[in-house]
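Trainee: Curious how this folds, go ahead:
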Amino acid sequence: MPSEFRWNRLIIRTESEGEFCAAFEENINSLISLEYDDIECDLSECIALGSRAADLIHWAMVAFGESGKTVLLRIPSTLQTPMQTTPIPKNVTIDWVMRIHGDVDADEVLMVTDTPAPRERSDS
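Mentor: The predicted structure is shown next:
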């Protein structure tokens, strides 16, 4: 099954752009109409997505923006370039998910940032 709902989350797993577009179009309005204020759409396991998928996701982000719900989108990093110019509504957060195949050194993929720990609040 290429798509499933879990409470407030739509999960789509497809292996082609055509299959993705069909599953996305079939389920996205149901996701938006859920009674939850916070909804999620996980597309991270979709393979072989291109410009047609990016256009559908762009359309969905417009609908998400109009819904007023808080939305978390998990999108494969392969769509990052086609979606660079897509405006992101304030109520939408995007997590770019990178698929790692085979022998890959994590130090080459993950960027390590050294940020100082937040200062503790002093009550004096």
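
Trainee: Report the rounded mean pLDDT for whatever helix or strand residue 56 lives in.
Mentor: Using DSSP states H and E, residue 56 sits within helix 51-67. On average, the pLDDT along helix 51-67 is 90.

Trainee: Off-centre distance for the following helix or strand past it?
Mentor: Beyond helix 51-67 on the C-terminal side, the first helix or strand identified by DSSP H and E is strand 70-76. In terms of C-alpha atoms, centre = their mean, to the nearest Å, the centre of strand 70-76 is set 3 Å apart from its chain centre.

Trainee: what's the answer for stretch 68-75, then?
Mentor: With C-alpha atoms, centre = their mean, you get 7 Å for stretch 68-75.

Trainee: Please apply the same query to stretch 78-89.
Mentor: The chain centroid and the centroid of stretch 78-89 are separated by 11 Å under C-alpha atoms, centre = their mean.

Trainee: From one end of stretch 9-21 to the other, what's the distance?
Mentor: Start-to-end span of stretch 9-21 (C-alpha to C-alpha, to the nearest Å) is 18 Å.

Trainee: can you pull the buried residues of that stretch?
Mentor: Burial within stretch 9-21, assessed by neighbour count using 16 or more other C-beta atoms under 10 Å, is assigned to 9-14, 17, 19-21. (Glycine included, C-beta is placed from N, CA and C.)
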